[in-house]
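Enquirer: any chance you could fold what I've pasted below:
(chains A, B, C and D)
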Protein chains: 2
Amino acid sequence: MKAESATSADPACPGALPSAALDGPVSHAVSRVARLHRITAGRLLKGLGLYPGQEFLMMHLWDTGAVRQAELIKAMDLDPSTVTKMLQRLEQAGHVRRRPDPDDRRAVLVEATEESCALHAEVRGAWSGLEEHTLAGLEPAERAELARLLAKVEENLCHEAGECPAP
Amino acid sequence: MKAESATSADPACPGALPSAALDGPVSHAVSRVARLHRITAGRLLKGLGLYPGQEFLMMHLWDTGAVRQAELIKAMDLDPSTVTKMLQRLEQAGHVRRRPDPDDRRAVLVEATEESCALHAEVRGAWSGLEEHTLAGLEPAERAELARLLAKVEENLCHEAGECPAP
DNA sequence: GGCATTTACATGGTCGGCCAAGTAATCAGT
DNA sequence: ACTGATTACTTGGCCGACCATGTAAATGCC
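Expert: As a prediction, the model looks like this:
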């Protein structure tokens, strides 16, 4: 068979040092965890007719009722075009209704449909399950510490990313 | 004007509780951090002609030299189709070369081009910068703790996600 | 040898997400 | 009142990432 240790052979670039996770172990971990987390969320959400990412939007709508799309964009902190397309799909799926704002003819009001409300509890449940699954085996103190560290990291990143909610 | 506190009014669903980040604060934080992290990485990578996600692949190629595509898929732990398309784009961008494996006519050998090697150091530098930026203001002990907790979370998630490297 | 199975990729389609432009309506300045 | 921002979305294009499906080659079994 081909040697399994073929990995550390023939570096394509002269003087190539092992690089992958060495510069940036945490960044690397963040990426992988994020992907796995998203996949897991997707599996849980699939049964509810939602795709990962849409939960946040629906949660917000369930909480606030009818909102202007701009408000949603700000709250989700997403690109406007992303929200537009997401809403088009959610509307077609019957989870959301859109209607022009009478007070501002360029704006659009968005709200969750009554049928979607049946999902509300299920989505909350799925997220609780996801949270518990994510944090399985972690002490309460560890969970708190993780939350704290992630918050710090988030602030670090959001500064230069340009888009943080003003303190 | 419309009351700014309209936010906590008219819940679309009867008896709707505030939901967004309440079930799953850590999950929520993970999602947001991941997105910001990816954006930041994207900004750093853009100048190098790479899109976020491609770094891992290139890093692996730089480390290992020519590999079979299947090996890459396993190492990146990505969907085969994802890797195929990524490689097509990387090839067209001149970062990667593909050639049929003489020993196995269905396999494809992939390697980084010589020109791409110029990027190697820059990508490493970008990632170091990203890591430092991500962890700015964190003590070494905190960084280690974050890495440890993320690793635990990763293992939690990868168990049910189905695809973890055998222990 | 011959046929089923597994392996290695490729294709097509869908989604979230970004950016770059474009259109339409409101707002400000003069 | 008219004109120049600014705001609010939409469209189109592109990328990473997924799934489901398809095709070709190697492998296993009899």
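Enquirer: any idea how far DNA strand D is from residue A:59?
Expert: Distance check for residue A:59 against DNA strand D: by CB to the nearest atom of the strand, to the nearest Å, it reads 19 Å. Any C-beta I mention is one placed from the backbone N, CA and C, and that applies to glycine too.
Enquirer: what distance do you get for that residue to DNA strand C?
Expert: 13 Å.
Enquirer: work out the gap between stretch A:100-109 and the centre of the chain.
Expert: How far stretch A:100-109 lies from its chain's middle: 28 Å, per CA atoms, centre = their mean, to the nearest Å.
Enquirer: near DNA strand D, which residues of chain A show up?
Expert: Within chain A, the positions lying close to DNA strand D (CB under 7 Å from any atom of the strand) are A:35, A:39, A:68-70, A:73, A:80-81, A:84-85, A:87-88, A:98, A:101, A:104, A:106-108.
Enquirer: please, where are all the strands along chain A?
Expert: Counting by DSSP state E, the segments of chain A that form strands are A:67-68, A:96-100, A:108-112.
Enquirer: low-confidence stretches in chain A?
Expert: Counting by pLDDT under 70, chain A has low-confidence residues at A:1-12, A:14-21, A:160-167.
Enquirer: quick one, helices of it?
Expert: A:25-46, A:54-64, A:69-76, A:80-92, A:117-134, A:140-161 (DSSP state H).
Enquirer: the fifth one vs helix B:140-161, what angle?
Expert: Going by axes from the mean of the first three to the mean of the last three CA atoms, to 10 degrees, helix A:117-134 is angled at 120 degrees with respect to helix B:140-161.
Enquirer: does chain B sit close to helix A:117-134?
Expert: Yes: residues of helix A:117-134 contacting chain B under CB under 8 Å from any CB of the partner chain: A:117, A:120, A:123, A:124, A:125, A:127, A:128, A:130, A:131, A:133, A:134.
Enquirer: out of those, what pair is the most spread apart?
Expert: Taking CB to CB as the measure, the residues of helix A:117-134 next to chain B reach their widest spread between A:117 and A:134, a distance of 26.2 Å.
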